[in-house]
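Asks: Dropping the sequence and predicted coords here.
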Amino acid sequence: MKPNHFYCEPFHLEKSEIFEVHNVRYEKNEPYECLVHFHEVHELILFHDVTGTYSHVNGIQEVNPRDLVFTAANEVHTFDVTSENKAWTVIQFVPTLLSDSGLRKIANKFDKSTVFSFDNETYDFLKTLCVELSKCYQNDSGCIQANYLLKLIISTIAEQGAVAPMKDDYVIKLKPAFSRLTPLLKLLQQPDPINLTMVEAAEICFLSPSHFSRLFKSVYKVSYSEFKNKQRVYCAARQMAHRNCSITDLSYEFNFANPSHFINQFKRQFGLTPKQYQKRYSV
């Protein structure tokens, strides 16, 4: 499977899917950002090349090549990584999968977000499993082999992984701010990007516009209007990667003023026009 430089992470999966798997790569100094976020699905990220830290509600842990990060559904998290080469495989799966009879005994290993480390042999085994799972996902994500491989990956992590130590006692300081933004965060879990003005978003959070603006930027590191643009662009990119669609139709579907505005915002985010992106990364 060709690694995708511009992976657009979903908040949740399509109803017909129990998992997604993608290979991601960024070259040295290639633009990359990770805003504080969460999603409704469990997430496994097997890092092949990275140096940095993983921040979540339980603390901060270092991430290095051959580490695997597990993020539990709906847990706030972010990554801070260097500008060097970065490569990883990301698997997102529905939490109910851990209720399967074959996984129930090890489900407690995935009660909270953490980093797992492995010996070289186990890492190589997991990497091979991820390659095979990627092939299945491209051909038929619902096949028996894909289901078996995913469960084998999960059980291998639980049985062979060593939990990495916390960097310190720090617990992500944004948690109180997130609680104030909870009404808006619930809307962010919906499949379509939000289309609320800042005044409307502030009202549903019972905050004044000025307080909401400061609080939102303290969490996401960007203004509310910039966040909306990023979210709309990412949602459009995911649509283009999964189906053939008109650039003009997408621009209006995601509430851009016109196709030119959409193209400019898209190029600002990805360094490619929508057409170039679609040609390079569509399935």
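Replies: Alright, I've got the coordinates. Keep in mind the model is a prediction, meaning the values are calculated, not measured.
Asks: mind showing which ranges of the protein have poor pLDDT?
Replies: The chain contains residues with pLDDT under 70 at 1-15, 168-178, 188-194, 221, 241-242, 281-283.
Asks: Helices of that one, start to end?
Replies: If you assign secondary structure with DSSP state H, the helices in the chain sit at 120-140, 144-160, 175-180, 182-188, 198-204, 209-220, 224-242, 247-253, 259-270, 274-281.
Asks: Compare those helices and give me the one nearest Val50.
Replies: Using CB to CB as the measure, helix 120-140 is the one of these that comes nearest Val50, at 13.3 Å. For glycine as for every other residue, the C-beta is placed from the backbone atoms N, C-alpha and C.
Asks: So for that closest one, what gets flagged as buried?
Replies: Using 16 or more other CB atoms under 10 Å as the test for burial, helix 120-140 gives Thr122, Tyr123, Phe125, Leu126, Leu129, Cys130, Leu133, Ser134, Cys136, Tyr137.
Asks: same check, this time on stretch 98-110
Replies: For stretch 98-110, the neighbour count (16+ other CB under 10 Å) marks Leu98, Leu103, Lys109, Phe110 as buried.
Asks: my guess is the last one contacts Phe70, does it?
Replies: If I follow you right, that is Phe110. Yes. Proximity of Phe110 to Phe70 meets the contact threshold set by CB atoms under 8 Å, at 6.0 Å.
Asks: Common neighbours of those two, please.
Replies: Counting by CB atoms under 8 Å, 6 or more residues apart in numbering, the contacts common to Phe110 and Phe70 are His42.
Asks: got a list of what Asn120 touches?
Replies: Taking CB under 8 Å, 6+ apart, we find Asn120 in contact with Arg66.
Asks: Going forward, count from 495.
Replies: Let's use 495 as the start, then, which means that last one is Asn614.
Asks: ok, so what distance separates it from Arg560?
Replies: Here the distance between Asn614 and Arg560 works out to 7 Å (CB to CB, to the nearest Å).
Asks: cool, Glu514 as well?
Replies: In this structure, Glu514 and Arg560 are 22 Å apart, going by CB to CB.
Asks: And for the nearest residue to Lys761 once chain neighbours are set aside, the neighbour number?
Replies: Excluding the flanking residues, the one nearest Lys761 by CB to CB, 6 or more residues apart in numbering is Thr767, at 5.5 Å. When neighbours are defined as other CB atoms under 10 Å, Thr767 has 15 of them.
Asks: give the contact list for Thr767.
Replies: Taking CB under 8 Å, 6+ apart as the contact definition, Thr767 lies against Ile757, Phe760, Lys761.
Asks: could you dump the residues you listed to a markdown table with distance to Val544 and neighbour count?
Replies: Supplementary listing: those in a markdown table, determined by distance: CB to CB, whole Å; neighbours: other CB atoms under 10 Å:
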| residue | distance to Val544 | neighbour count |
| --- | --- | --- |
| Ile757 | 32 | 16 |
| Phe760 | 26 | 27 |
| Lys761 | 27 | 15 |
